[in-house]
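K.L.:
can you look at this prediction? I've put the sequence above it.
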Amino acid sequence: MSRETYNPWTVVNVVFDHLAAAGLHPVLGETGDPAAPAAALLRALGVEPGRDDEGPAAPAIQAHLAELRARMFPNVEEGRR
C-alpha cells in the first residue's frame, strides 16, 4: 500500500477558514510558520505531508496566479492588487 500524502497548506487554509467562520480572528504568519503544525497534524492522522513545493507559495503556482491576474485585471499594476 502506498503512503497517502496531503498538502499541509490545504490544512492551514481549511482551519483558517473554519476559525474565521466561527467569528475568530486568526492571523497567518505572525506566530510562526503554520505549515509545521499542520504537517504534524497530518502525521498524527496517519497521512504523510506533501512536498513543500506543492503549496500556494510554489513558484509554478505563483507564476500561474500572476498570469491569471494579468489576464483578469489587465489595467491593474502588479503591486496594486
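P.N.:
Arrived safely. Residues are numbered from 1 along each chain as shown.

K.L.:
what about Val11, distance to Ala70?
P.N.:
Using CB to CB, to the nearest Å, we find Val11 at a distance of 30 Å from Ala70. Where C-beta positions appear, they are placed from N, C-alpha and C, glycine not excepted.

K.L.:
more neighbours: those two, which one.
P.N.:
A direct count of neighbours by other CB atoms under 10 Å for Val11 and Ala70 places Val11 higher, at 20 against 12.

K.L.:
how about the contacts made by that one?
P.N.:
Contact analysis of Val11 by CB atoms under 8 Å, 6 or more residues apart in numbering lists Ala38, Leu41, Leu42.

K.L.:
mind pulling up the pLDDT for it?
P.N.:
In this model, Val11 is scored at 88, pLDDT.

K.L.:
export the contacts of Val11 to a markdown table and tack on secondary structure, distance to Asp17 and neighbour count?
P.N.:
Formatted as a markdown table, these follow (DSSP: H, G, I helix; E, B strand; the rest coil; distance: CB to CB, whole Å; neighbours: other CB atoms under 10 Å):
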| residue | secondary structure | distance to Asp17 | neighbour count |
| --- | --- | --- | --- |
| Ala38 | helix | 13 | 22 |
| Leu41 | helix | 15 | 15 |
| Leu42 | helix | 17 | 20 |
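
K.L.:
can you tell me which of these is closest to Ile61?
P.N.:
Ala38 (17.1 Å; CB to CB).

K.L.:
wouldn't that closest one be in contact with Asn13 here?
P.N.:
No - contact criterion CB atoms under 8 Å: Ala38 and Asn13 do not qualify, at 9.3 Å.

K.L.:
please enumerate the shared neighbours of these two.
P.N.:
Shared contacts of Ala38 and Asn13 (CB under 8 Å, 6+ apart): none.

K.L.:
quick one: the helices in this protein?
P.N.:
Taking DSSP state H, the helices of the chain run over residues 8-21, 35-44, 59-72.

K.L.:
what angle do the second one and helix 8-21 make?
P.N.:
When axes from the mean of the first three to the mean of the last three CA atoms, to 10 degrees is applied, the directions of helix 35-44 and helix 8-21 differ by 100 degrees.
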